[in-house]
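> Sharing a sequence plus its predicted fold:
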Amino acid sequence: MSSLTLYGTELSGHVHRVRLLLSMLGLSATWIEAGADLRNSAEFRALNPYGQVPVLVDDGTVISDSHAILIWLVKRYAPDSGWLPQALAEEVQVHQWLAKAAGEIRYGVASARLIKQFNTPENYASAVAVAQKFLPQLEAHLSDRQWLVGQRATIADLACYAYVACAPEGGISLRAFPAINGWLARVAALPGFIALPALPLPAEA
Ligand SMILES: N[C@@H](CCC(=O)N[C@@H](CS)C(=O)NCC(=O)O)C(=O)O
């Protein structure tokens with residue numbers, strides 16, 4: 001049996017997507033809360049020179065970056081599960097959504113939440129502009145389908161979920177997006193779902 005250790009922080013959406021997949025695959029990992037002191041330590045920088053969470057250690061193999069970890073977990077523990085489709089045409093669509101999670105979602109809704117909740121020095125107007133362009137595109141995509149790719153939940157849904165769900169915590173309302181809200185509810189109803197702790201809403205949400 002493998003020994004898994006996950007370094008993370010409770011409020012991180014990047015970490016949340018890994019916790020979701022671990023839970024949905026029925027895998028347990030030793031949790032190490034990686035606050036700023038640990039992330040800045042030489043011990044942690046040896047695992048991830050960027051000082052970021054999540055980091056997974058699997059029997060001595062160190063994997064950083066949430067999407068790399070999702071792919072590692074599926075390919076190592078559940079290659080036939082459908083969390084990463086094996087048909088190439090569908091697999092590349094998953095990668096397109098992972099890119100959205102690292103791009104438009106990170107620099108839109110996630111950035112707005114970082115600024116409003118943690119005073120992170122990023123540009124709020126830019127975050128809102130990115131979100132206002134992206135959310136209608138996501139709404140249109142989900143208007144005639146249940147999941148981001150194919151006929152079942154994949155790691156694309158897990159990767160995109162948290163920061164979209166938390167958009168109101170960054171002052172960005174989701175009220176105008178019924179298809180997005182339906183999709184968020186479907187992800188939250190998946191067996192093994194774990195919620196992110198809720199943060200207070202700023203006035204604009
Ligand atoms: N591309 C990375 C981004 C991870 C990331 O931004 N992690 C944040 C927490 S949500 C972090 O560790 N921030 C601390 C820092 O950048 O110093 C991933 O997907 O894992």
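Ah, there it is. Residues are numbered from 1 along each chain as shown.

> what about stretch 169-180, near the ligand?
No - in terms of C-beta under 6 Å from any ligand atom, no part of stretch 169-180 sits within range of the ligand; the closest distance is 13.1 Å. For every residue, glycine as well, the C-beta is placed using N, CA and C.

> Not counting that stretch itself, show me its contacts.
Contact with stretch 169-180 is made by 108-117, 127-128, 131, 135-136, 138-140, 142-143, 164, 167-168, 181, 184, 198-205, as judged by C-beta atoms under 8 Å, 6 or more residues apart in numbering.

> what mean pLDDT would you report for that stretch?
In this model, stretch 169-180 carries a mean pLDDT of 98.

> Could you list the buried residues of that stretch?
169-172, 174, 177, 179-180 (16 or more other C-beta atoms under 10 Å).

> Repeat that for stretch 95-108.
97-98, 100-102, 104-108.

> what does the protein put close to the ligand?
Counting by C-beta under 6 Å from any ligand atom, the residues of the chain near the ligand are 12, 14, 39, 51-54, 65-67, 102.

> For Phe44, see how far away Leu38 is.
Counting by C-beta to C-beta, to the nearest Å, the gap from Leu38 to Phe44 is 5 Å.

> Which parts of this protein are helices?
13-25, 36-39, 42-47, 66-77, 88-100, 111-118, 124-142, 155-165, 178-188 (DSSP state H).

> Please identify the deepest-packed of those helices.
Mean neighbours per residue, mean count of other C-beta atoms under 10 Å, is largest over these for helix 155-165, with a mean of 26.

> Now tell me what touches that one from outside.
13, 16-17, 20-21, 24, 66-67, 70-71, 74, 83-84, 93-94, 97-98, 100-101, 105-106, 109-110, 113, 135, 138, 147-149, 174, 180, 183-184, 187-188, 196.

> just stretch 71-82 next, same as before
18, 21-22, 25, 27, 56, 58, 63, 83-84, 86, 152, 154-155.

> Quick check: mean pLDDT of it?
Here the average pLDDT along stretch 71-82 is 98.

> And it, how far out from the chain middle?
17 Å (C-alpha atoms, centre = their mean, to the nearest Å).
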